[in-house]
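**Student:** Pasted the sequence and its predicted model underneath.
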Amino acid sequence: MATSLDKAGHEGLTQFDQYLEAFPRYLRGQRGLSENTERVYLADLQSFRQYLAEEKLSLADMDRQTLRGYLAWLATEGRGGQQGYARVSVARKLTVVRAFYRFLVQEGLFRSTPVPSGQSFKVKVGKSLPDFLGQREVVRLMDAPDESTVHGIRDKAILETLYACGVRLAEIHGMDLADINFSRNQILVRGKGSKERLVLFGRPTEAALRRYINDSRRELVSKPTQALFLNRYGERLSRRSFEKLVRRYSAEAGTRADVHPHTLRHTFATHMLEGGADLRVIQELLGHSSPTTTQIYTHVTKQEALTAYLSFHPRADEPARRMPREVSEVEEQASTGKDV
């Protein structure tokens with residue numbers, strides 16, 4: 001049975017397709033683009049359509065955070081089972097999205113384009129690694145929520161889960177109570193294409209989740225629901241709320257600006273890699289269908305998944321274990337030079 005979110009997502013794609021059908025006339029008539037360029041524009045918009053479909057977003061959801069999430073998706077996972085798009089392709093796809101929204105303004109869907117301007121939001125070509133937080137930044141971020149409040153306890157559990165499990169925004173949004181197996185320290189995650197996988201978590205995350213479920217969630221719930229993370233009305237927390245709380249706590253913790261949930265996914269993979277985990281282990285935990293996607297983080301030595309996680313992830317079972325060297329600042333990334 002389709003949910004209201006599924007219906008909304010379907011309606012959003014129907015609207016997208018209606019405008020996409022009219023877009024070529026704009027390209028030919030007003031932009032004067034060649035037939036070959038028109039084909040490239042339409043192909044690039046299929047990537048944008050795929051992202052909106054996976055995240056269950058509509059054209060009206062466009063803002064800085066949506067665009068940042070789209071660029072991050074393009075750079076790491078946008079090609080499905082292959083490595084993410086090169087920066088030159090990401091830059092071109094950003095140009096196409098801008099052109100499409102200018103067309104939507106002309107069609108009367110918006111009074112002005114919601115896409116951030118080129119002066120304030122650029123893709124810098126020539127660099128490839130995604131942005132991530134250093135381990136001291138992560139510690140500050142995890143300590144940012146006020147755990148004396150109901151929402152602070154919830155938010156602590158969210159941050160811990162994002163970093164400890166390396167899950168996508170859509171995956172944590174869809175988590176249910178029944179997905180958590182505390183006896184095995186595992187969470188069942190439903191990824192792209194409804195593919196299921198198990199992710200792992202250590203003692204700090206276990207403690208945060210148990211406290212949230214036993215204390216905070218009981219105060220938030222107002223009617224029967226299996227949703228794991230709830231808002232103040234007892235309903236499933238929205239994707240946008242996840243983005244906002246990550247950004248807010250990052251600012252409070254004094255880390256870099258505009259940290260996105262996807263940044264914590266990159267951070268998870270990078271810290272696993274730095275600790276010595278095998279690339280195929282990281283691939284399995286991230287839910288990548290091909291090792292070429294995970295190779296953005298480079299190659300490491302071979303390990304078993306559980307052993308690697310418990311041995312190397314900073315928030316696994318050995319809090320007193322000596323932490324690896326602090327991660328140095330990476331080069332500026334896509335969008336504002338950050339979250340890709």
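**Tutor:** Cool, got the structure.

**Student:** what's the closest residue in space to residue 241 that isn't next to it in sequence sitting at in phi/psi?
**Tutor:** Excluding the flanking residues, the one nearest residue 241 by C-beta to C-beta, 6 or more residues apart in numbering is residue 231, at 6.4 Å. Using the backbone N, CA and C atoms, a C-beta is placed for each residue, glycine as well. Dihedral pair for residue 231: phi -90, psi -170, per degrees, to the nearest 10.

**Student:** Same question for the one 5 residues further on.
**Tutor:** The phi and psi torsions at residue 236 (degrees, to the nearest 10) take the values phi -60, psi 130.

**Student:** Now the residue lying closest to it once chain neighbours are set aside. Its backbone dihedrals?
**Tutor:** Closest residue to residue 236 apart from its sequence neighbours, by C-beta to C-beta, 6+ apart: residue 227 at 3.8 Å. With angles defined as degrees, to the nearest 10, residue 227 sits at phi -60, psi 140.

**Student:** and the residue nearest the centre of the chain, how far is that from residue 169?
**Tutor:** Residue closest to the average C-alpha location in the chain (C-alpha atoms, centre = their mean): residue 262, at 3.2 Å. To residue 169, residue 262 is 7 Å away according to C-beta to C-beta, to the nearest Å.

**Student:** any residues in contact with both of those two?
**Tutor:** Counting by C-beta atoms under 8 Å, 6 or more residues apart in numbering, the contacts common to residue 262 and residue 169 are residue 69.

**Student:** What count of nearby residues applies to residue 249?
**Tutor:** The number of residues packed near residue 249 is 22, by other C-beta atoms under 10 Å.

**Student:** ah, wrong one, I meant residue 171
**Tutor:** 23.

**Student:** Quickly note the distance from it to residue 220.
**Tutor:** 21 Å.

**Student:** what ranges do the helices span in the stretch 51-200 of the chain?
**Tutor:** For the stretch 51-200 of the chain, helices defined by DSSP state H, counting those that start in this stretch occupy the ranges 64-76, 87-106, 135-142, 150-165, 169-173.

**Student:** And for residue 112, the neighbour number?
**Tutor:** When neighbours are defined as other C-beta under 10 Å, residue 112 has 8 of them.

**Student:** if I read this right, it contacts residue 102, doesn't it?
**Tutor:** No. With contact defined as C-beta atoms under 8 Å, residue 112 does not reach residue 102; the gap is 9.8 Å.

**Student:** Mind listing what's buried along the one helix or strand residue 251 maps to?
**Tutor:** For residue 251, the element it lies in under DSSP states H and E is helix 239-253. With burial defined by 16 or more other C-beta atoms under 10 Å, the residues of helix 239-253 counted as buried are 239, 241, 242, 243, 245, 246, 247, 249, 250, 253.

**Student:** helices and strands around that helix, which ones?
**Tutor:** When contacts are defined as 3 or more C-beta pairs under 8 Å, 6 or more residues apart in numbering; DSSP states H and E, helix 239-253 packs onto helix 64-76, helix 135-142, helix 150-165, helix 169-173, helix 261-275.

**Student:** now what about stretch 152-164, what contacts it?
**Tutor:** With C-beta under 8 Å, 6+ apart as the test, stretch 152-164 has contacts from 138, 141-142, 144-147, 167, 172, 175, 187, 200-202, 204-205, 208-209, 211-212, 215-217, 220, 229-230, 237, 242, 245-246, 249, 261, 264-265, 267-268, 313, 315-316.

**Student:** would you put the C-alpha positions of it in PDB?
**Tutor:** This file holds the C-alpha atoms of stretch 152-164, laid out as PDB (Å, rounded to 0.1, in the frame of the first residue of the first chain):
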ATOM      1  CA  GLY A 152      18.900  16.400  22.600                       C
ATOM      2  CA  ILE A 153      18.800  12.700  23.500                       C
ATOM      3  CA  ARG A 154      17.200  12.000  20.200                       C
ATOM      4  CA  ASP A 155      19.600  14.100  18.200                       C
ATOM      5  CA  LYS A 156      22.600  12.500  19.900                       C
ATOM      6  CA  ALA A 157      21.300   9.100  18.800                       C
ATOM      7  CA  ILE A 158      20.800  10.400  15.200                       C
ATOM      8  CA  LEU A 159      24.400  11.800  15.000                       C
ATOM      9  CA  GLU A 160      25.800   8.600  16.400                       C
ATOM     10  CA  THR A 161      23.900   6.500  14.000                       C
ATOM     11  CA  LEU A 162      24.900   8.600  10.900                       C
ATOM     12  CA  TYR A 163      28.600   8.400  11.800                       C
ATOM     13  CA  ALA A 164      28.800   4.900  13.200                       C
END
